[in-house]
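Peer 1: below is the sequence, then the predicted model.
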Amino acid sequence: MANRLNINEFIPTSADEVKKRGWKELDVILFTGDAYIDHPSFGIAIIARLLEKKGLRVAVVPQPNWRDDLRDFKKLGKPNLFFGVTAGNMDSMVNHYTANKRLRSDDAYTPGNKAGFRPDYATIVYTKILKQLFPEVPVLLGGIEASMRRLTHYDYWSDTLKPSILVESGADILVYGMAEKSVDMLTDFFISDKKIENIKNINQIAYLIDKTTFISNYNSSEYIILNSYEDCKESKIKFALNFKAIEENSNSLNPKYLIEPYGEKYIVANPAYPPLSEKEMDEIYDLPFTRLPHPRYLKKQPIPAYEMIKNSVVIHRGCFGGCSFCTISAHQGKFISSRSESSILNELKKITNSNGFKGHISDLGGPSANMYKMHGFDKEKCMKCKRPSCLYPNVCKNLNINHTPLLNLYKKARSLNKINKITIGSGIRYDLFLNENGTFIDESGKDYFYQLLKYHVSGRLKVAPEHTSEKVLKLTRKPSFKLFETLYKIFYNINRKYSLNLQLIPYFISGLPDCDIAEMKFLTKKMEMLNIKPEQVQLFTPTPMTLASVMYYTEMDPYTLKKIYIAKDKNERDRQHQIFFWYKK
């Protein structure tokens, strides 16, 4: 279909495409470590379309070559307003290296799955080049790499504590999380205001400021002062306490400014915006995406990440699970923002009318598939709450876990013309509908699970118990393994009753905090009892700004400061992982 589209239907990526638009200059130029795919599952596409809607002349430079004469950074000149930089949909180090720090030979965000088209620490590399070439032009950082490195963080790949990525990159401003509103406000700021003192009024950004400026402009009741980067390097306890303060503030509906000293400056992280409304979500996902890779890739091999999501639809953002090893709640937020039924159904119709659609929708989901339109009954209680998870150690009584809105959406989606099958590719949280005693929490949850198995699983249902050990699960903020055993029994009872012939595939992680060889051997005994041979497994990778990575570095729980066991030795980490495969010679 891409060859039938006018090149002007895409955001321009070259000087020639800019010229075809009749533009003599650009307002914003965006650099990304991913191939450019004009699909709402890719952050760069959303930001580019948002800026376009504001009437700006915007271009995208995908996967610029940082090794040559830097022509990719020069070819479009300098923008009137700012450069935007992102490593892409993944942290570049997670993208490049395995959990054992081995260099990967593939990259799903590049044509042909080829590695080597982005540098390590891509955000820093791109920004330094732009600052070298165009020192007078502001650089804004965004995306998950910038978001999760906005303050002092542990970097697993260098095994060091690093300062804010603002310090290492030399960028002017960082937008964290799902940053459409921040970018919108910052753009207006650069168009009309440009008084740096007024940047305090823009939420969900971070920036460096002189201590003297800070002292004269900030109200003590509005902010939390963290331990300095230098103090965190000297004391793991202080770094752990920083994380606790950051996480509690991030999970609050009344967040404060976070101030982290660095030398003679302060890093200021302004509070996040409230969760997006349904109307705001619809406005984003209703932007005129082509949902296709840019035509520049027409003669190249497929892009695996696109092939995976091209027929999927995001229905909500955020996750209140609070898993300690996951970046989602820290990046997207704890509270759920959902789209309207009509917006979702319109996107589905657009997919069904696209060239080459064969009747299969691969996902209607989000970070967790079954959190659509879930929220607290009493918002006032949510305003006061500091729980990092609404599900652990138990499901919050103030949480509305009714699955009826999601069931209604599934039913309407199934009835659309040209759709033969809708599978749910996102993971489900079975603790949202199941009790350990084998009963369902409510009728909507029971109906959800039955309909999921009947209509929306294509052979295999993947769930994530993560481990079998209660002490390990406690630190990961996941429910007891007994709940998975309950799910297992109900799953196969339904299977037999309706002759569905489905498989239940559990995900497990080795090397988690407080996991040793004995815990892994216990896991294998449980698997043997259930006749499960694990195949969806991974070795724990400490990623920036997650609770589990802080535990890994400090060897303590930031909430209790109690020492915990951490498998850091490579041989032990390898041994733990190999135990998954006891059934192989």
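Peer 2: Good, I have the coordinates.
Peer 1: can you list the domains in the protein?
Peer 2: 2-209+263-269, 459-585 (automatic domain parsing).
Peer 1: out of these, indicate the one that is most buried.
Peer 2: Across the domains of the chain, the average number of neighbours (mean count of other Cβ atoms under 10 Å) peaks for domain 2-209+263-269, which reaches a mean of 19. Yep, even glycine has a C-beta here, placed from its N, CA and C like the rest.
Peer 1: for it, the distance to its chain's centre please.
Peer 2: How far domain 2-209+263-269 lies from its chain's middle: 16 Å, per Cα atoms, centre = their mean, to the nearest Å.
Peer 1: still on that earlier bit, closest one to Asp282 among the domains of the chain?
Peer 2: For Asp282, the closest of the domains of the chain is domain 2-209+263-269, at 11.6 Å, according to Cβ to Cβ.
Peer 1: avg pLDDT for the closest one?
Peer 2: Mean pLDDT, domain 2-209+263-269: 95.
Peer 1: go on, stretch 319-334?
Peer 2: Across stretch 319-334, the average pLDDT comes to 92.
Peer 1: any idea how far apart the tips of that stretch sit?
Peer 2: 5 Å (Cα to Cα, to the nearest Å).
Peer 1: tabulate the domains of the chain (a markdown table), appending distance to Lys310.
Peer 2: Formatted as a markdown table, these follow (distance: least, Cβ to Cβ, whole Å):
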| stretch | distance to Lys310 |
| --- | --- |
| domain 2-209+263-269 | 7 |
| domain 459-585 | 20 |
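Peer 1: Asp442 is nearest to which of these?
Peer 2: Among these, domain 459-585 comes nearest to Asp442, with 15.0 Å by Cβ to Cβ.
Peer 1: so which of the domains of the chain comes closest to Ser235?
Peer 2: domain 459-585 (9.5 Å).
Peer 1: starting at the chain centroid, how far to that closest one?
Peer 2: On the basis of Cα atoms, centre = their mean, domain 459-585 sits 21 Å off its chain's mean C-alpha point.
Peer 1: cool, and stretch 357-368?
Peer 2: Centre-to-centre, stretch 357-368 and its host chain are 18 Å apart (Cα atoms, centre = their mean).
Peer 1: ok, and for that stretch, which residues are buried?
Peer 2: 357, 361-368 (16 or more other Cβ atoms under 10 Å).
Peer 1: now, which of those residues sits nearest Ala464?
Peer 2: Ser368 (9.7 Å).
Peer 1: in the protein, which helix is the longest?
Peer 2: Secondary structure of the chain read by DSSP state H shows that its longest helix is helix 481-498.
Peer 1: not counting residues beside it along the chain, what's closest to Glu17?
Peer 2: Closest residue in space to Glu17, ignoring its immediate chain neighbours: Ile7 at 5.9 Å, by Cβ to Cβ, 6 or more residues apart in numbering.
Peer 1: what sits against that neighbour?
Peer 2: 17, 20, 295 (Cβ atoms under 8 Å, 6 or more residues apart in numbering).
Peer 1: could I get those residues as JSON lines with secondary structure?
Peer 2: Shown next, in JSON lines, are these (DSSP: H, G, I helix; E, B strand; the rest coil):
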{"residue": "Glu17", "secondary structure": "helix"}
{"residue": "Lys20", "secondary structure": "helix"}
{"residue": "Pro295", "secondary structure": "helix"}
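Peer 1: contact partners of stretch 564-574?
Peer 2: Residues contacting stretch 564-574 (Cβ under 8 Å, 6+ apart): 99-100, 475, 510-511, 513-517, 539, 551-552, 555-557, 576.
Peer 1: the residues you listed in strands, which ones?
Peer 2: 510, 539 (DSSP state E).
Peer 1: give me the distance between Lys489 and Phe73.
Peer 2: Distance of Lys489 to Phe73, given as Cβ to Cβ, to the nearest Å: 58 Å.
Peer 1: phi, psi for the residue lying closest to Ser228 once chain neighbours are set aside please.
Peer 2: Of all residues not flanking Ser228 in the chain, Pro261 sits nearest, at 3.7 Å (Cβ to Cβ, 6+ apart). Pro261 has phi and psi values of phi -70, psi 140 when expressed as degrees, to the nearest 10.
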